[in-house]
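> Sequence first, then the predicted structure:
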Amino acid sequence: MKALDQQLLDEALGALGELLEDAAPRHYVVCGGSSLLALGLVKRRTTRDVDVLASFEDGKLVSAKPLPEEVLRAVRQVRDELDLLENWFNTGPADDTFFRFGFPDGLEDRLVTRAYGRALRISFIGRRDQVFLKLWAAADSGPGRHVEDLKDLAPTAEELSDAVRWIFRHDDSDGFRLILGQALTALGHDGLLANI
């Protein structure tokens with residue numbers, strides 16, 4: 001099973017678009033490692049999957065769950081043809097948390113959209129929104145690759161402060177603050193929480 005680098009990611013999405021050529025048009029918003037790769041925000045990394053954050057319909061972000069059966073069939077076919085991981089295109093991060101508490105303000109305006117054939121468009125979240133979601137993921141599931149990605153993105157103190165304020169709309173419990181503080185320390189911004 002192959003991990004996705006920038007070239008294989010483009011090939012996989014292109015193949016998915018070809019298989020969906022006769023289907024109803026779909027427009028997905030993607031975050032995580034695949035978005036970092038697609039936009040060239042990181043160079044030395046691969047990713048296991050394409051994380052679908054939402055569908056984009058009539059200028060609004062809506063839930064992408066569940067993926068339609070025709071999309072799932074095409075995803076399985078691309079997986080088999082390119083020897084990708086089982087769940088290479090998934091809606092893992094598309095839970096209702098973001099729809100209840102909100103995405104980072106202006107996320108839709110910073111999307112970078114690419115067409116893969118006639119029926120598939122993929123919008124990759126921009127750098128600022130990556131900082132927000134990666135910091136949230138680092139606090140939610142532990143540092144690891146999320147902090148490494150943040151180091152590559154090199155966010156400013158102002159960007160991290162804005163991200164923390166957005167994160168606190170989701171969770172400002174003591175335990176979450178503690179883990180968030182550890183992630184910020186790993187990024188060299190250990191005093192940042194004290195000012196928010």
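That came in fine, so what should we check first?

> most residues in a single strand of this protein, which one?
Looking across the chain with DSSP state E, the single longest strand is strand 50-57.

> Run through who's touching that one.
Contact partners of strand 50-57, identified using C-beta atoms under 8 Å, 6 or more residues apart in numbering, comprise 4, 9, 12-13, 26-35, 61-64, 67, 88-94, 98, 108, 111, 121, 123, 125. C-beta coordinates here come from the backbone N, C-alpha and C atoms, glycine included.

> List of residues touching the next helix or strand after that strand?
Downstream of strand 50-57, the first helix or strand assigned by DSSP states H and E is strand 60-62. Applying C-beta under 8 Å, 6+ apart, the contact partners of strand 60-62 are 29, 53-56, 98-99, 103, 107-108.

> now stretch 5-25: mean pLDDT?
With pLDDT averaged residue by residue, stretch 5-25 scores 97.

> What separation is there between the most centrally placed residue in the chain and residue 185?
Centroid-nearest residue in the chain, with C-alpha atoms, centre = their mean: residue 31, separated by 1.4 Å. Counting by C-beta to C-beta, to the nearest Å, the separation of residue 31 from residue 185 is 24 Å.

> Please pull up the helix or strand immediately following the helix or strand of the chain with the lowest mean pLDDT.
Using mean pLDDT, DSSP states H and E, helix 97-101 stands out as the lowest-scoring helix or strand of the chain, at a mean of 84. Downstream of helix 97-101, the first helix or strand assigned by DSSP H and E is strand 112-115.

> Within the sheet, what are the partner strands of that next one, with directions?
Its sheet considered, strand 112-115 pairs with strand 120-124 (antiparallel) by DSSP bridges.

> what does the strand it pairs with contact?
Contacts for strand 120-124 (C-beta under 8 Å, 6+ apart): 13, 16-17, 20, 25-31, 34-35, 38-39, 56, 111-116.

> for stretch 96-113, same thing?
27, 29, 38-39, 53-54, 56, 59-63, 121-129, 132-133, 163, 166, 169-170.

> Report how many residues lie close to residue 103.
Neighbourhood size, residue 103 [other C-beta atoms under 10 Å]: 19.

> coming back round to it: pull out the buried members of the contacts of strand 120-124.
13, 16-17, 20, 26-31, 34-35, 38-39, 56, 111, 114, 116 (16 or more other C-beta atoms under 10 Å).

> looking at it, residue 70 is touching residue 20, isn't it?
Yes. Using C-beta atoms under 8 Å, residue 70 is in contact with residue 20, at 7.1 Å.

> hang on, the earlier thing: return the distance of the longest strand of the chain from the chain's centre.
Its chain's C-alpha centre and that of strand 50-57 lie 8 Å apart, by C-alpha atoms, centre = their mean, to the nearest Å.

> Now do that strand against strand 120-124: the angle between them, please.
110 degrees (axes from the mean of the first three to the mean of the last three C-alpha atoms, to 10 degrees).
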